[in-house]
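[1] attaching a predicted model along with its sequence, questions to come.
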Amino acid sequence: MPDRTEQTAAGTQVGWFLKAPPPDVFEAFAEDPSLLDVIRGELKRRLQRTLGPTGTYPAGQLNPADEGGLQIGIKAEGGIVLLLFGATISWLALPPEQAMAVAQALMAAAHTAQQRGGTRQ
């Protein structure tokens with residue numbers, strides 16, 4: 001599988017799973033449904049590798065406390081919404097476009113968690 005990445009307003013996306021799979025992939029799933037677990041595991045490993053500090057300053061260093069860019073993840077797990085940072089952080093600064101993308105991702109994950117019966121407190 002190619003390991004191409006793409007920058008978006010919401011962060012870095014791993015490109016190989018964003019495109020339509022080749023038709024023979026569906027035949028492989030029919031022959032061996034456990035392949036889906038293999039793919040899920042690979043996606044999880046790739047996501048974990050992409051979380052955390054990026055080592056860059058996308059908007060320049062905002063102040064002396066700015067430690068640089070951070071790749072975050074947002075997902076619904078069971079009935080709750082998880083924000084995954086991959087690092088301990090004190091604060092987060094976002095340009096308006098990224099703040100709106102994060103808000104949309106949080107809302108989408110919240111709706112998914114709610115549909116799964118999430119009301120944990």
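    Thanks, I have the structure now. Residues are numbered from 1 along each chain as shown.
[2] skipping its backbone neighbours, what lies nearest His74 in space?
    I think there's a mix-up here, since residue 74 is Ile and not His. Ala105 (4.4 Å; Cβ to Cβ, 6 or more residues apart in numbering). (Each C-beta comes from the backbone N, C-alpha and C, glycine too.)
[3] what's the helix or strand for Val102?
    Per DSSP states H and E: Val102 is located in helix 96-115.
[4] what about that helix, average pLDDT?
    The pLDDT scores in helix 96-115 average 92.
[5] ok, residues contacting that helix?
    Here helix 96-115 makes contact (Cβ atoms under 8 Å, 6 or more residues apart in numbering) with 9-10, 72, 74-83, 94.
[6] sorry, back to before: how near is the residue nearest to Ile74 to Leu82?
    Distance from Ala105 to Leu82, counting by Cβ to Cβ, to the nearest Å: 11 Å.
[7] neighbour count for those two, which is higher?
    Ala105 (18 against 12; other Cβ atoms under 10 Å).
[8] neighbours around the closest residue to Glu77 other than its chain neighbours, how many?
    Nearest non-adjacent residue to Glu77, counting by Cβ to Cβ, 6+ apart: Ala113, 7.7 Å away. By other Cβ under 10 Å, 20 other residues sit near Ala113.
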